[in-house]
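Trainee: Okay, predicted coordinates and the sequence, questions at the end:
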Amino acid sequence: MLKEAVEHYHDLLTDADLASRSQQMLDEQLESSKLIFGGRRLSPYLRPHFVMESDWLLVKQRCETVFGALQKVKDAAVADDAILDELGVTEIEKELVKIDPKYSHVSPTSRLDSFLTEDSYSYVELNGESPAGIAFSDSASEIFRALPVMEKFAERYNIQTLEGSSKMLDVLLECYKEFCGGEMTHKPVIAIVDLEDLPTIKEFELFRDYFESKGYKSIICSPGELKFDGSRLSCNGNEIDIVYKRLLVNEYLPIMKEQPALLDAYRAGAICMVNSFRGKLVHKKAVFAVLTNERYKHLFNDEELSAITKHIPWTRVFRDEKTENHGETIDLIEWTRANSNKLVLKPNDDYGGAGIYIGWNSTADEWDVAIAHALKTGDYLIQERVKTAKEFFPMFTDEEGNWALTEQLVDLDPLLFLGKVGSAFTRLSSTELANVSSGGGMVPTFIISEK
């Protein structure tokens with residue numbers, strides 16, 4: 001049914017007038033809605049990603065089960081330094097994660113990166129620290145839903161669009177309520193905090209405008225603009241209650257001593273910070289090495305273990321050791337050297353596709369170099385290949401609006417709010433890496449069913 005729906009949509013685009021009007025509306029709306037990332041279209045495609053309603057129900061169920069297991073990893077890590085070490089948490093990060101955020105969720109807002117195919121569903125990473133794209137996706141959904149070609153498509157199919165900005169606000173308020181002991185005494189002021197001059201600034205503006213439309217004063221600021229007087233954190237005279245932290249820990253650590261106000265206020269319990277520094281525990285890619293390692297299976301119940309086996313790729317911290325691979329004892333380094341066709345080496349704590357070595361795209365010499373680099377670095381993972389999803393999308397080929405059907409890697413990204421799936425978007429790429437920051441694009445995810 002999905003193939004039939006996609007073919008029907010593409011057939012509609014053979015109507016030159018319908019396609020032209022849709023393309024013009026898309027371009028105008030992307031610009032006016034600030035859906036520009038680093039000066040280029042965030043959605044250089046003329047179709048959203050379709051997911052059948054029955055598949056979406058499966059996605060939601062499995063995501064929430066896996067997230068429950070991740071919460072258990074957090075609980076175990078806070079209590080056990082050995083698991084912190086397994087996750088690759090550094091000494092300074094250990095100090096940060098020990099600070100109590102005054103709410104229970106390890107990662108109130110998170111994103112699971114996944115591939116949904118006809119016969120499999122696999123996760124490859126979790127962004128548990130500060131997932132981007134929520135507000136961008138909401139705006140893109142509104143734009144694509146109004147396109148003339150989508151109106152025509154809706155004559156045959158039921159369409160459910162997804163929305164996350166309201167859920168993001170709910171998360172901030174729920175965490176703040178728990179932070180305050182169960183009751184808010186006033187409407188909190190929200191600060192969206194990140195480094196200056198980032199390509200994501202447009203999304204921050206979308207969030208600020210949305211939060212303020214709901215009656216919550218909101219500001220965008222950098223760590224250097226923050227001041228802490230011992231009781232209140234402020235920016236340009238505005239006292240702050242909630243910090244929506246888009247700043248990554250890796251970006252804050254080099255400037256933390258020179259710009260300590262954020263940490264000082266958090267340590268003093270003067271702000272509710274979402275996500276907290278504890279999100280680092282599940283943001284580390286090594287969390288999949290904990291989920292799939294037999295030595296930690298006692299942490300999870302039968303339902304969680306079943307979901308892990310079916311949907312999480314076998315992953316290990318890459319080091320000189322013997323371990324289990326599907327019931328067989330292996331020497332990890334030599335086994336990795338001999339099985340490049342089904343493996344990927346990735347840094348434990350980086351993003352945007354940086355530092356990844358894809359075994360099946362490497363020569364034997366290149367793979368040996370990758371292995372040597374990973375061992376020297378000391379903070380790499382080895383992960384088994386999963387079945388990826390690919391589809392043809394009408395992709396713009398120039399600035400004049402010409403397009404062609406182009407095969408794309410399809411990375412479905414469910415968004416979780418307090419552990420529940422509330423939205424999703426999809427990243428597309430012509431390469432093996434579906435990262436917007438490394439040149440990919442984004443489209444909204446539409447849930448469909450036949451009328």
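Mentor: Alright, I've got the coordinates. Since this is a predicted model, take the numbers as computed values, not measurements. Residues are numbered from 1 along each chain as shown.
Trainee: which element is the closest residue to residue 276 other than its chain neighbours on?
Mentor: Among residues not flanking residue 276 along the chain, residue 101 sits closest, at 3.5 Å (CB to CB, 6 or more residues apart in numbering). Glycine gets a C-beta too; all of them are placed from N, C-alpha and C. Using DSSP states H and E, residue 101 maps to neither a helix nor a strand.
Trainee: so residue 101 sits right up against residue 272, yeah?
Mentor: Yes. Between residue 101 and residue 272 there is a contact under CB atoms under 8 Å: 7.5 Å.
Trainee: Enumerate every residue touching the residue nearest to residue 276.
Mentor: Contacts for residue 101 were tallied using CB atoms under 8 Å, 6 or more residues apart in numbering; they are 175, 179, 266, 272, 273, 276, 277, 278.
Trainee: Quick check: bridge partners of the fourth one?
Mentor: If I follow you right, that is residue 272. residue 242 (DSSP bridges).
Trainee: Look at residue 369 and report its pLDDT.
Mentor: Turning to residue 369, the model gives it a pLDDT of 96.
Trainee: Quick check: neighbours shared by residue 101 and residue 272?
Mentor: 175, 179.
Trainee: who are the neighbours in contact with the most centrally placed residue in the chain?
Mentor: For the chain, the residue sitting closest to the mean C-alpha position, by CA atoms, centre = their mean, is residue 111 at 3.6 Å. Applying CB under 8 Å, 6+ apart to residue 111 gives the contacts 126, 127, 131, 133, 413, 414, 415, 416.
Trainee: And the strands in the stretch 251-400 of the chain, which stretches?
Mentor: 272-274, 315-317, 322-325, 328-331, 343-347, 357-358, 380-384, 390-396 (DSSP state E, counting those that start in this stretch).
Trainee: Ok, the stretch 1-150 of the chain next?
Mentor: 36-37, 40-41, 49-52, 109-116, 121-127.
Trainee: hey, which of those strands is tucked in deepest?
Mentor: Neighbour counts (mean count of other CB atoms under 10 Å) averaged over each of the strands of the stretch 1-150 of the chain peak at strand 109-116, with a mean of 23.
Trainee: ok now do residue 373, which residues does it touch?
Mentor: Contacts of residue 373 by CB under 8 Å, 6+ apart are residue 357.
Trainee: Select the helix or strand of this protein having the lowest average pLDDT value.
Mentor: strand 36-37 (a mean of 62; mean pLDDT, DSSP states H and E).
Trainee: Domain ranges for this structure, per the record?
Mentor: 2-283+389-450, 314-384 (automatic domain parsing).
Trainee: quick one: which of those is nearest residue 298?
Mentor: Comparison of the domains of the chain against residue 298 by CB to CB identifies domain 2-283+389-450 as nearest, at 9.6 Å.
Trainee: Switch the strands of the stretch 1-150 of the chain over to a markdown table; also include distance to residue 235.
Mentor: Below are these laid out as a markdown table (distance: least, CB to CB, whole Å):
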| stretch | distance to residue 235 |
| --- | --- |
| strand 36-37 | 25 |
| strand 40-41 | 30 |
| strand 49-52 | 37 |
| strand 109-116 | 22 |
| strand 121-127 | 26 |
